[in-house]
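>>> Structure for the following, please:
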Amino acid sequence: MSTTTGTQRITLAKAINLGLRRALESDPKVLLMGEDIGALGGVFRVTDGLYKDFGADRVVDTPLAESGIVGTAIGLALRGYRSVCEIQFDGFIYPAFDQITTQLSRMHYRSQGRLSLPVVIRVPYGGGIGAIEHHSESPEVLFAHTAGLRVVSPSTPADAYVMIQQAVASPDPVLFFEPKGRYWDKGDVDLDAPLVDASTGETGLDRAVVVRPGTDLTLVGYGPTVGTCLKVADAAAAEGTSIEVVDLRTLSPLDAATVAESVRRTGRCVVVHEAPVLYGTGAEVAARITEECFYHLQAPVLRVGGFHVPYPVSKLEHEYLPSLDRILDAVDRSLAY
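From the prediction side, this is the model:
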């Protein structure tokens, strides 16, 4: 049952699996809950093998009732457990919206800090898999808008491995949005990576990171769009433009300081996400950067994302999602100012 050590090249899905395994090994109060996560290993096989090794008491197959899953997790948290709930697909989270936003997010505040609800809700989200309606949505901003919730999204296997463990260990409720279109992307993962920075004592779960340095423009993404942003930076470099790519990693709390530091150097900013642009994360980033970097900006902050329509049928999703061409067009428009 022991987790493998050393550095391995694995998929993002496998990284989450190994992170969950380590969390289960480290704390007997950790348990997993969700639809078909047991013997099946989840529809994306993210929990594959965990039911066999930890048993039905710790890897719990639940009824098809998202509100019941989250409500049960809240009760377990009040009794000292740490539940990790899987919402099978992003569009299935809405039946649990009431439990998440009116109970899970408020209990700590309501009790004046006496109660904590260390619940993690895993949400496979975003497009790119050619799925039917309710299976390719990006509802993360609904929860980032709700005070009392941490909202995070890894973009690489290395981050996924560490961040899921940090989320489980957090005393706060965490919405853990997993870019399912990136589940099969591979990367090097240090399976011995520390969860806490030895020099600061912090986890870094609430920090954005610069994943590619640049001088001409700051390109901001998170989750599924970070890989696309890096491809944009490669394409721009071939034409002599140096783009800095920032991975937000966390939407709430939002690490605007890291983005602002980058924009002060580059003077330009484009924000990319799969969720609709209207009222999206990009709007908040644009507002914060305008407030903090107004005299450094050489162009308005631009946004590239989904459109203000229900998620389209699979044969049209390539028109809906931020593409290389759409992002490069925004980069060109920013540089033209």
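>>> Tell me which stretches of this protein form helices.
In the chain, helices defined by DSSP state H lie at 12-26, 50-54, 66-78, 97-99, 107-110, 140-144, 157-169, 225-237, 256-266, 281-293, 317-320, 324-335, listed in chain order.
>>> Identify whichever of those helices lies nearest to Asp247.
For these, the distance to Asp247 is smallest for helix 225-237, at 4.8 Å, taking Cβ to Cβ. Quick note: C-beta positions are derived from backbone N, CA and C, even for glycine.
>>> who touches the closest one?
Contacts to helix 225-237, defined as Cβ atoms under 8 Å, 6 or more residues apart in numbering, come from residues 155-156, 182, 185, 211-212, 214, 217, 219-221, 242-245, 247, 272-274, 322-324, 327-328, 331.
>>> Check stretch 194-201 too.
Defining contact as Cβ under 8 Å, 6+ apart, one finds that stretch 194-201 is touched by Val162, Gln165, Gln166, Ala169, Glu202, Thr203, Gly204.
>>> what two of those have the greatest distance between them?
Gln165 and Glu202 (14.5 Å).
>>> which of these two has more neighbours?
Using other Cβ atoms under 10 Å as the criterion, Gln165 and Glu202 rank with Gln165 on top: 23 against 10.
>>> need the contact list for the more buried one.
Gln165 makes contacts with Gly19, Arg22, Ala23, Leu195, as judged by Cβ under 8 Å, 6+ apart.
>>> would you turn these into CSV with neighbour count?
Conversion of those to CSV gives the following (neighbours: other Cβ atoms under 10 Å):
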residue, neighbour count
Gly19, 26
Arg22, 20
Ala23, 23
Leu195, 17
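>>> would JSON lines of the residues you listed with pLDDT be doable?
Compiled in JSON lines, these are given as follows (pLDDT from 0 to 100):
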{"residue": "Gly19", "pLDDT": "98"}
{"residue": "Arg22", "pLDDT": "97"}
{"residue": "Ala23", "pLDDT": "97"}
{"residue": "Leu195", "pLDDT": "92"}
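>>> what about the longest strand in the protein?
For the chain, the strand with the greatest residue count under DSSP state E is strand 269-276.
>>> State the mean pLDDT of that strand.
Per-region confidence: strand 269-276 scores 98 on mean pLDDT.
>>> Next, the angle helix 281-293 makes with that strand.
With axes from the mean of the first three to the mean of the last three Cα atoms, to 10 degrees defining the directions, strand 269-276 sits at 160 degrees from helix 281-293.
>>> Show me what strand 269-276 is packed up against.
strand 217-221, helix 225-237, helix 256-266, helix 281-293, strand 302-306, helix 324-335 (3 or more Cβ pairs under 8 Å, 6 or more residues apart in numbering; DSSP states H and E).
>>> I'd like the helices of the chain laid out as CSV, including distance to Pro124.
Listed next are these as CSV, based on distance: least, Cβ to Cβ, whole Å:
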stretch, distance to Pro124
helix 12-26, 9
helix 50-54, 16
helix 66-78, 13
helix 97-99, 17
helix 107-110, 26
helix 140-144, 12
helix 157-169, 12
helix 225-237, 16
helix 256-266, 26
helix 281-293, 18
helix 317-320, 15
helix 324-335, 23
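>>> Please identify the most buried of those helices.
Compared across these, helix 157-169 shows the largest average neighbour count, a mean of 25 (mean count of other Cβ atoms under 10 Å).
>>> Off-centre distance for that helix?
10 Å (Cα atoms, centre = their mean, to the nearest Å).
>>> in the stretch 101-250 of the chain, which segments are predicted with low confidence?
Using pLDDT under 70 as the threshold, the predicted model of the stretch 101-250 of the chain has no low-confidence range.
>>> Repeat the analysis, applying 80 as the threshold.
Applying pLDDT under 80 to the stretch 101-250 of the chain flags residues 198-201.
>>> Which residue ranges of it form strands?
Listed in chain order, the strands of the stretch 101-250 of the chain (DSSP state E, counting those that start in this stretch) span residues 120-125, 150-152, 174-179, 186-190, 209-212, 217-221, 243-247, 250-252.
>>> any idea which of those strands is most buried?
Highest mean neighbour count of those: strand 217-221, a mean of 29 (counted as mean count of other Cβ under 10 Å).
>>> what's the burial count for the closest residue to Thr258 other than its chain neighbours?
Residue nearest to Thr258 in three dimensions, not counting chain neighbours: Ala208, with 4.1 Å by Cβ to Cβ, 6 or more residues apart in numbering. A total of 21 residues lie near Ala208 under the criterion other Cβ under 10 Å.
>>> Distance check, Ala208 against Gly126.
Separation of Ala208 from Gly126 (Cβ to Cβ, to the nearest Å) stands at 19 Å.
>>> Kindly report the same for Ser199.
If you go by Cβ to Cβ, the gap between Ser199 and Gly126 works out to 34 Å.
>>> who's more crowded, these two?
Neighbours around Ser199 and Gly126, counted as other Cβ under 10 Å, are more numerous at Gly126. The numbers are 27 against 6.
>>> Tell me who's in contact with the spatially most central residue of the chain.
In the chain, the centroid-proximal residue (Cα atoms, centre = their mean) is Ser153; its distance is 1.1 Å. Shown in contact with Ser153 (Cβ under 8 Å, 6+ apart): Tyr125, Glu140, Phe176, Phe177, Glu178, Pro179, Tyr222, Gly223, Leu248, Arg249, Thr250, Leu251.
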